[in-house]
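1. kindly return the folded structure for what I paste below:
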Amino acid sequence: MRSTAPFLQSRLPARENARLIDLGDSPDGFLRVLANWENMLRPGLRFEEQLQDYFAFCLACHHATVATFVPTDVDTKIRGIVWRESRDPEVLRPMLCFALASRGWTEDGISIRAVRGVSGHNGEQWSAIAAGLGHLLELGDTASADMALAAIESEIDREQAVFDAVCAERDAELDLLRLSMTLAHNRGDLTQGMGFWKRTPATATLMDHLSTRGRFDLAVRIYQHTGLSAEGHRHYPLRPVKALRRSPATLLPLCPFLDEWGGAVGQLDESHEVLAALVVGRQKVQGQQGYYRAIAGMREASSGAFERTAGRMPNAAQKLLREAEMRKLIDVPRMSFESMMRKRARVALGMFAGRS
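-> Next comes the predicted model:
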(Lines give C-alpha, C1' and ligand atoms only; values in the text may rest on other atoms or scores of the structure.)
Protein backbone atom coordinates (compact mmCIF):
# COMPACT_ATOMS: atom_id res chain seq x y z
CA MET A 1 0.00 0.00 0.00
CA ARG A 2 2.81 2.42 0.84
CA SER A 3 4.40 1.74 -2.53
CA THR A 4 1.36 1.92 -4.78
CA ALA A 5 -0.74 4.51 -2.90
CA PRO A 6 1.65 6.59 -0.77
CA PHE A 7 -0.83 9.48 -0.84
CA LEU A 8 -3.04 7.53 1.59
CA GLN A 9 -0.47 7.90 4.37
CA SER A 10 -1.67 11.42 5.12
CA ARG A 11 -5.27 10.20 5.32
CA LEU A 12 -4.68 7.57 7.98
CA PRO A 13 -6.65 8.35 11.16
CA ALA A 14 -5.35 8.28 14.72
CA ARG A 15 -4.21 5.01 16.21
CA GLU A 16 -6.77 2.96 18.13
CA ASN A 17 -6.39 0.27 20.76
CA ALA A 18 -8.63 -2.23 19.01
CA ARG A 19 -8.72 -5.48 17.08
CA LEU A 20 -8.62 -4.97 13.31
CA ILE A 21 -11.70 -7.11 12.83
CA ASP A 22 -13.64 -4.52 14.89
CA LEU A 23 -12.62 -1.47 12.84
CA GLY A 24 -14.49 -1.99 9.58
CA ASP A 25 -17.93 -0.58 10.31
CA SER A 26 -17.50 3.00 9.03
CA PRO A 27 -16.88 4.63 5.64
CA ASP A 28 -13.17 4.97 6.48
CA GLY A 29 -12.97 1.46 7.95
CA PHE A 30 -10.20 0.37 5.60
CA LEU A 31 -8.10 3.39 6.58
CA ARG A 32 -8.62 2.61 10.27
CA VAL A 33 -7.38 -0.93 9.68
CA LEU A 34 -4.33 0.31 7.77
CA ALA A 35 -3.51 2.83 10.51
CA ASN A 36 -3.57 0.08 13.13
CA TRP A 37 -2.23 -2.92 11.21
CA GLU A 38 0.48 -3.63 13.80
CA ASN A 39 -2.21 -4.43 16.37
CA MET A 40 -2.50 -7.91 14.86
CA LEU A 41 1.09 -8.61 15.97
CA ARG A 42 0.37 -8.10 19.66
CA PRO A 43 1.43 -10.96 21.92
CA GLY A 44 -1.37 -12.91 23.49
CA LEU A 45 -3.64 -13.10 20.47
CA ARG A 46 -4.86 -16.58 19.74
CA PHE A 47 -4.39 -18.04 16.25
CA GLU A 48 -8.08 -17.55 15.49
CA GLU A 49 -7.89 -13.89 16.47
CA GLN A 50 -4.82 -13.32 14.34
CA LEU A 51 -6.59 -15.02 11.45
CA GLN A 52 -9.55 -12.67 11.74
CA ASP A 53 -7.30 -9.61 11.92
CA TYR A 54 -5.18 -10.80 9.00
CA PHE A 55 -8.33 -11.18 6.91
CA ALA A 56 -9.33 -7.63 7.85
CA PHE A 57 -5.86 -6.37 6.94
CA CYS A 58 -5.90 -8.10 3.53
CA LEU A 59 -9.38 -6.82 2.70
CA ALA A 60 -8.40 -3.26 3.67
CA CYS A 61 -5.23 -3.37 1.55
CA HIS A 62 -7.18 -4.76 -1.39
CA HIS A 63 -9.85 -2.07 -1.16
CA ALA A 64 -7.21 0.66 -0.94
CA THR A 65 -5.19 -0.46 -3.95
CA VAL A 66 -7.34 -2.48 -6.37
CA ALA A 67 -7.97 0.57 -8.59
CA THR A 68 -4.36 1.76 -8.44
CA PHE A 69 -1.56 0.80 -10.79
CA VAL A 70 -0.10 -1.94 -8.56
CA PRO A 71 -2.87 -3.67 -6.57
CA THR A 72 -1.86 -5.75 -3.58
CA ASP A 73 -1.82 -9.41 -4.57
CA VAL A 74 -4.19 -10.84 -1.95
CA ASP A 75 -7.11 -11.90 -4.17
CA THR A 76 -6.83 -15.60 -3.46
CA LYS A 77 -6.51 -14.97 0.28
CA ILE A 78 -9.74 -13.01 0.65
CA ARG A 79 -11.55 -15.25 -1.84
CA GLY A 80 -10.70 -18.54 -0.22
CA ILE A 81 -7.38 -19.29 1.43
CA VAL A 82 -7.87 -17.36 4.67
CA TRP A 83 -11.46 -18.54 5.02
CA ARG A 84 -10.33 -22.16 4.87
CA GLU A 85 -7.86 -21.76 7.73
CA SER A 86 -10.74 -22.39 10.13
CA ARG A 87 -13.76 -24.68 10.27
CA ASP A 88 -15.24 -22.95 13.29
CA PRO A 89 -18.27 -20.79 12.38
CA GLU A 90 -17.68 -18.75 15.54
CA VAL A 91 -14.35 -17.66 14.05
CA LEU A 92 -15.73 -17.12 10.55
CA ARG A 93 -18.83 -15.09 11.41
CA PRO A 94 -16.92 -11.93 12.42
CA MET A 95 -15.01 -12.20 9.14
CA LEU A 96 -18.28 -12.31 7.24
CA CYS A 97 -19.60 -9.32 9.17
CA PHE A 98 -16.40 -7.44 8.33
CA ALA A 99 -16.75 -8.31 4.63
CA LEU A 100 -20.37 -7.15 4.67
CA ALA A 101 -19.34 -3.87 6.34
CA SER A 102 -16.75 -3.26 3.62
CA ARG A 103 -19.62 -2.50 1.23
CA GLY A 104 -19.95 0.84 3.01
CA TRP A 105 -16.32 1.88 2.62
CA THR A 106 -15.69 5.02 0.62
CA GLU A 107 -13.96 4.95 -2.76
CA ASP A 108 -13.05 8.64 -2.58
CA GLY A 109 -9.39 9.15 -3.37
CA ILE A 110 -8.70 5.53 -4.31
CA SER A 111 -10.72 5.11 -7.52
CA ILE A 112 -12.25 7.18 -10.29
CA ARG A 113 -13.94 4.24 -12.00
CA ALA A 114 -17.42 4.35 -10.50
CA VAL A 115 -20.28 4.82 -12.99
CA ARG A 116 -23.68 5.84 -11.68
CA GLY A 117 -22.72 4.44 -8.28
CA VAL A 118 -21.52 1.09 -9.66
CA SER A 119 -17.84 0.17 -9.63
CA GLY A 120 -15.41 -2.70 -9.78
CA HIS A 121 -15.06 -2.41 -6.01
CA ASN A 122 -18.57 -3.85 -5.72
CA GLY A 123 -17.41 -6.99 -7.48
CA GLU A 124 -14.34 -7.25 -5.26
CA GLN A 125 -16.56 -6.99 -2.20
CA TRP A 126 -19.00 -9.69 -3.20
CA SER A 127 -16.21 -12.04 -4.22
CA ALA A 128 -15.00 -12.04 -0.59
CA ILE A 129 -18.58 -12.38 0.67
CA ALA A 130 -19.17 -15.26 -1.75
CA ALA A 131 -16.08 -17.04 -0.44
CA GLY A 132 -17.44 -16.87 3.09
CA LEU A 133 -20.91 -17.90 1.91
CA GLY A 134 -19.67 -21.14 0.36
CA HIS A 135 -17.50 -22.12 3.31
CA LEU A 136 -20.15 -21.36 5.92
CA LEU A 137 -22.75 -23.28 3.93
CA GLU A 138 -20.37 -26.22 3.73
CA LEU A 139 -20.00 -26.08 7.54
CA GLY A 140 -23.76 -26.03 8.06
CA ASP A 141 -24.12 -22.41 9.21
CA THR A 142 -27.14 -21.73 7.04
CA ALA A 143 -28.13 -18.56 8.91
CA SER A 144 -24.83 -16.85 8.12
CA ALA A 145 -24.88 -18.21 4.57
CA ASP A 146 -28.37 -16.78 4.06
CA MET A 147 -27.17 -13.37 5.24
CA ALA A 148 -24.28 -13.45 2.75
CA LEU A 149 -26.56 -14.63 -0.06
CA ALA A 150 -29.05 -11.83 0.61
CA ALA A 151 -26.25 -9.25 0.35
CA ILE A 152 -25.03 -10.65 -2.97
CA GLU A 153 -28.51 -10.89 -4.48
CA SER A 154 -29.32 -7.35 -3.38
CA GLU A 155 -26.17 -6.05 -5.08
CA ILE A 156 -26.95 -7.99 -8.27
CA ASP A 157 -30.40 -6.40 -8.35
CA ARG A 158 -28.98 -2.92 -7.72
CA GLU A 159 -26.38 -3.15 -10.49
CA GLN A 160 -28.88 -4.62 -12.94
CA ALA A 161 -31.37 -1.83 -12.18
CA VAL A 162 -28.74 0.86 -12.83
CA PHE A 163 -27.75 -0.84 -16.07
CA ASP A 164 -31.36 -1.17 -17.24
CA ALA A 165 -32.00 2.51 -16.52
CA VAL A 166 -28.99 3.57 -18.57
CA CYS A 167 -30.03 1.29 -21.44
CA ALA A 168 -33.31 3.20 -21.59
CA GLU A 169 -31.72 6.65 -21.28
CA ARG A 170 -31.15 8.85 -24.29
CA ASP A 171 -27.56 9.92 -25.07
CA ALA A 172 -26.09 7.74 -22.31
CA GLU A 173 -24.09 5.42 -24.57
CA LEU A 174 -20.68 6.12 -23.00
CA ASP A 175 -21.96 5.34 -19.52
CA LEU A 176 -23.60 2.25 -20.97
CA LEU A 177 -20.21 1.10 -22.24
CA ARG A 178 -18.53 1.86 -18.92
CA LEU A 179 -21.24 -0.03 -17.05
CA SER A 180 -20.97 -2.97 -19.44
CA MET A 181 -17.27 -3.23 -18.68
CA THR A 182 -17.89 -2.93 -14.93
CA LEU A 183 -20.65 -5.52 -14.78
CA ALA A 184 -18.62 -7.96 -16.89
CA HIS A 185 -15.74 -7.51 -14.44
CA ASN A 186 -18.02 -7.98 -11.44
CA ARG A 187 -19.51 -11.15 -12.89
CA GLY A 188 -15.99 -12.55 -13.12
CA ASP A 189 -15.31 -11.65 -9.51
CA LEU A 190 -18.44 -13.48 -8.38
CA THR A 191 -17.33 -16.55 -10.30
CA GLN A 192 -13.88 -16.38 -8.71
CA GLY A 193 -15.39 -16.00 -5.26
CA MET A 194 -17.23 -19.29 -5.81
CA GLY A 195 -14.10 -20.94 -7.19
CA PHE A 196 -12.89 -22.10 -3.77
CA TRP A 197 -16.18 -23.75 -2.80
CA LYS A 198 -16.08 -27.40 -1.91
CA ARG A 199 -18.66 -28.97 -4.19
CA THR A 200 -21.58 -30.44 -2.29
CA PRO A 201 -25.21 -30.78 -3.41
CA ALA A 202 -26.06 -27.55 -1.55
CA THR A 203 -23.15 -25.50 -2.87
CA ALA A 204 -23.56 -26.86 -6.40
CA THR A 205 -27.20 -25.78 -6.49
CA LEU A 206 -26.35 -22.35 -5.13
CA MET A 207 -23.45 -21.92 -7.53
CA ASP A 208 -25.77 -22.61 -10.47
CA HIS A 209 -28.29 -20.15 -9.05
CA LEU A 210 -25.79 -17.31 -8.60
CA SER A 211 -24.16 -17.98 -11.95
CA THR A 212 -27.55 -17.40 -13.54
CA ARG A 213 -28.59 -14.46 -11.33
CA GLY A 214 -25.27 -12.66 -11.81
CA ARG A 215 -24.88 -13.42 -15.50
CA PHE A 216 -25.42 -9.82 -16.67
CA ASP A 217 -25.85 -11.29 -20.13
CA LEU A 218 -26.62 -8.10 -22.05
CA ALA A 219 -23.79 -6.17 -20.40
CA VAL A 220 -21.32 -8.92 -21.24
CA ARG A 221 -22.49 -9.12 -24.86
CA ILE A 222 -22.06 -5.37 -25.28
CA TYR A 223 -18.67 -5.55 -23.57
CA GLN A 224 -17.48 -8.21 -25.99
CA HIS A 225 -19.11 -6.91 -29.19
CA THR A 226 -17.88 -3.31 -28.88
CA GLY A 227 -14.22 -4.23 -28.38
CA LEU A 228 -14.13 -3.21 -24.72
CA SER A 229 -12.82 -6.63 -23.73
CA ALA A 230 -9.43 -5.53 -25.07
CA GLU A 231 -9.43 -2.66 -22.56
CA GLY A 232 -9.83 -4.76 -19.42
CA HIS A 233 -6.17 -5.65 -19.02
CA ARG A 234 -4.07 -4.89 -15.95
CA HIS A 235 -1.95 -2.06 -17.36
CA TYR A 236 1.38 -3.69 -16.67
CA PRO A 237 3.17 -1.21 -18.99
CA LEU A 238 2.23 1.68 -16.68
CA ARG A 239 3.25 0.01 -13.42
CA PRO A 240 6.94 0.96 -13.53
CA VAL A 241 6.11 4.70 -13.84
CA LYS A 242 6.27 5.68 -10.17
CA ALA A 243 5.21 9.26 -10.89
CA LEU A 244 1.70 7.94 -11.56
CA ARG A 245 1.42 6.65 -8.00
CA ARG A 246 2.11 9.86 -6.12
CA SER A 247 -1.37 11.37 -6.20
CA PRO A 248 -5.00 10.30 -6.66
CA ALA A 249 -5.12 12.91 -9.44
CA THR A 250 -3.38 10.44 -11.76
CA LEU A 251 -5.54 7.39 -10.98
CA LEU A 252 -6.58 5.70 -14.21
CA PRO A 253 -10.22 5.96 -15.38
CA LEU A 254 -12.00 3.20 -17.24
CA CYS A 255 -10.55 2.60 -20.68
CA PRO A 256 -10.67 3.50 -23.48
CA PHE A 257 -11.86 6.99 -22.49
CA LEU A 258 -8.48 8.38 -21.47
CA ASP A 259 -8.26 11.72 -23.29
CA GLU A 260 -8.70 13.83 -20.16
CA TRP A 261 -6.34 11.62 -18.20
CA GLY A 262 -3.72 12.01 -20.94
CA GLY A 263 -4.03 15.79 -20.69
CA ALA A 264 -3.53 15.61 -16.92
CA VAL A 265 -0.48 13.32 -16.91
CA GLY A 266 1.06 15.41 -19.70
CA GLN A 267 1.68 18.06 -17.05
CA LEU A 268 3.89 15.82 -14.91
CA ASP A 269 7.64 16.47 -14.83
CA GLU A 270 7.99 12.81 -15.77
CA SER A 271 5.51 13.04 -18.65
CA HIS A 272 8.13 11.55 -20.98
CA GLU A 273 8.14 8.37 -18.85
CA VAL A 274 4.36 8.15 -19.08
CA LEU A 275 4.37 8.77 -22.83
CA ALA A 276 7.05 6.16 -23.42
CA ALA A 277 5.09 3.61 -21.37
CA LEU A 278 1.96 4.33 -23.41
CA VAL A 279 3.76 4.19 -26.76
CA VAL A 280 5.44 0.88 -25.97
CA GLY A 281 2.49 -0.51 -24.02
CA ARG A 282 -0.05 -0.12 -26.82
CA GLN A 283 1.76 -3.00 -28.58
CA LYS A 284 1.13 -5.37 -25.69
CA VAL A 285 -2.63 -5.82 -26.01
CA GLN A 286 -4.21 -6.48 -29.39
CA GLY A 287 -7.10 -4.17 -30.20
CA GLN A 288 -6.90 -1.86 -27.21
CA GLN A 289 -7.51 1.84 -27.92
CA GLY A 290 -7.19 3.48 -24.51
CA TYR A 291 -3.47 4.18 -24.74
CA TYR A 292 -3.93 5.88 -28.13
CA ARG A 293 -6.59 8.10 -26.57
CA ALA A 294 -4.28 8.98 -23.69
CA ILE A 295 -1.53 9.94 -26.14
CA ALA A 296 -4.04 11.98 -28.14
CA GLY A 297 -5.09 13.73 -24.94
CA MET A 298 -1.52 14.60 -24.08
CA ARG A 299 -1.03 16.14 -27.51
CA GLU A 300 -4.37 17.95 -27.48
CA ALA A 301 -3.54 19.65 -24.17
CA SER A 302 -0.43 21.26 -25.68
CA SER A 303 1.15 20.26 -28.97
CA GLY A 304 4.35 22.12 -28.14
CA ALA A 305 4.73 20.46 -24.75
CA PHE A 306 3.91 17.12 -26.36
CA GLU A 307 6.74 17.45 -28.88
CA ARG A 308 9.17 18.39 -26.13
CA THR A 309 8.00 15.41 -24.07
CA ALA A 310 8.40 13.09 -27.05
CA GLY A 311 11.94 14.35 -27.54
CA ARG A 312 12.86 13.23 -24.03
CA MET A 313 11.80 9.63 -24.63
CA PRO A 314 14.28 6.86 -25.49
CA ASN A 315 15.04 6.63 -29.20
CA ALA A 316 13.13 3.36 -29.61
CA ALA A 317 9.95 4.93 -28.22
CA GLN A 318 10.41 8.00 -30.44
CA LYS A 319 10.63 5.74 -33.47
CA LEU A 320 7.41 3.95 -32.51
CA LEU A 321 5.65 7.28 -32.07
CA ARG A 322 6.55 8.28 -35.62
CA GLU A 323 4.99 5.18 -37.16
CA ALA A 324 2.21 5.91 -39.65
CA GLU A 325 -0.37 3.70 -37.92
CA MET A 326 0.35 5.33 -34.57
CA ARG A 327 -0.04 8.81 -36.01
CA LYS A 328 -3.23 7.83 -37.79
CA LEU A 329 -4.85 6.62 -34.58
CA ILE A 330 -3.83 9.52 -32.36
CA ASP A 331 -4.98 11.96 -35.06
CA VAL A 332 -8.59 10.86 -34.52
CA PRO A 333 -10.32 13.70 -32.62
CA ARG A 334 -11.86 12.86 -29.29
CA MET A 335 -15.34 13.77 -30.52
CA SER A 336 -15.01 11.45 -33.50
CA PHE A 337 -13.72 8.61 -31.38
CA GLU A 338 -16.50 8.94 -28.82
CA SER A 339 -19.09 9.23 -31.59
CA MET A 340 -17.83 5.95 -33.01
CA MET A 341 -18.07 4.30 -29.58
CA ARG A 342 -21.60 5.65 -29.10
CA LYS A 343 -22.60 4.12 -32.41
CA ARG A 344 -21.08 0.77 -31.44
CA ALA A 345 -23.05 0.85 -28.20
CA ARG A 346 -26.34 1.56 -29.99
CA VAL A 347 -25.72 -1.18 -32.55
CA ALA A 348 -24.85 -3.74 -29.85
CA LEU A 349 -27.85 -2.75 -27.76
CA GLY A 350 -30.12 -3.16 -30.77
CA MET A 351 -28.62 -6.54 -31.61
CA PHE A 352 -28.68 -8.13 -28.17
CA ALA A 353 -31.36 -6.43 -26.04
CA GLY A 354 -34.07 -8.83 -27.14
CA ARG A 355 -31.96 -11.93 -26.56
CA SER A 356 -31.07 -11.35 -22.90
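
2. check Arg346 and give its pLDDT.
-> As predicted, Arg346 sits at a pLDDT of 97.

3. pretty sure it sits against Leu174.
-> No: applying Cβ atoms under 8 Å as the test, Arg346 and Leu174 come out as separate, 11.3 Å apart. Bear in mind the C-beta positions are built from the backbone N, C-alpha and C, glycine included.

4. compare these two (neighbour count), which wins?
-> Leu174 (16 against 12; other Cβ atoms under 10 Å).

5. those strands in the stretch 151-300 of the chain, which residues are they?
-> Under the criterion DSSP state E, counting those that start in this stretch, strands are not mapped anywhere in the stretch 151-300 of the chain.

6. which stretches of it form helices?
-> 173-193, 201-213, 217-225, 259-265, 271-281, 290-301 (DSSP state H, counting those that start in this stretch).

7. quick one: closest of those to Leu8.
-> Smallest distance to Leu8 across the helices of the stretch 151-300 of the chain (Cβ to Cβ): 19.5 Å, for helix 259-265.

8. pLDDT value on His233, please?
-> 81.

9. nearest residue to it other than its sequence neighbours?
-> Nearest non-adjacent residue to His233, counting by Cβ to Cβ, 6 or more residues apart in numbering: Val285, 5.0 Å away.

10. distance of the one you found from Leu137?
-> 38 Å (Cβ to Cβ, to the nearest Å).

11. and Phe7, by the same measure?
-> Counting by Cβ to Cβ - Phe7 and Leu137 are separated by 40 Å.

12. then Asp73?
-> Asp73 is 27 Å from Leu137, by Cβ to Cβ.

13. okay, these two: which has more neighbours?
-> Leu137 (21 against 10).

14. gap between the helix or strand hosting the more buried one and the chain center?
-> Leu137 belongs to helix 120-138 when assigned by DSSP states H and E. Put simply, helix 120-138 sits 15 Å off its chain's centre (Cα atoms, centre = their mean, to the nearest Å).

15. so Arg15 sits against Val33, correct?
-> No: using Cβ under 8 Å, Arg15 is not in contact with Val33, being 11.7 Å away.

16. neighbour count winner among those two?
-> Using other Cβ under 10 Å as the criterion, Arg15 and Val33 rank with Val33 on top: 31 against 11.

17. so what's the more buried one up against?
-> Neighbour list for Val33: 20, 23-24, 56-57, 59-60 [criterion: Cβ atoms under 8 Å, 6 or more residues apart in numbering].

18. please redo it, this time with the cut-off set to 6 Å
-> 20, 23, 56, 60 (Cβ atoms under 6 Å, 6 or more residues apart in numbering).

19. ignoring the adjacent residues along the chain, who's closest to the third one?
-> With sequence-adjacent residues excluded and distances taken as Cβ to Cβ, 6+ apart, Ala56 is closest to Leu20, at 4.0 Å.

20. now swap in Pro248 and tell me
-> Gly109 (4.7 Å).

21. pLDDT score assigned to the one you found?
-> 97.

22. I'd like the numbering to begin with 24 instead of 1 from here.
-> Right, with 24 as the first residue, what we last looked at is Gly132.

23. that one belongs to a helix?
-> No: secondary structure of Gly132 (DSSP: H, G, I helix; E, B strand; the rest coil): coil, not part of a helix.

24. residue ranges with poor pLDDT in the protein?
-> Scanning the chain for pLDDT under 70 picks out the ranges 379.

25. nearest residue to the middle of it?
-> Gly143 (4.0 Å; Cα atoms, centre = their mean).

26. hang on, isn't that one packed against His208?
-> Yes: counting by Cβ atoms under 6 Å, Gly143 touches His208, with 5.1 Å between them.
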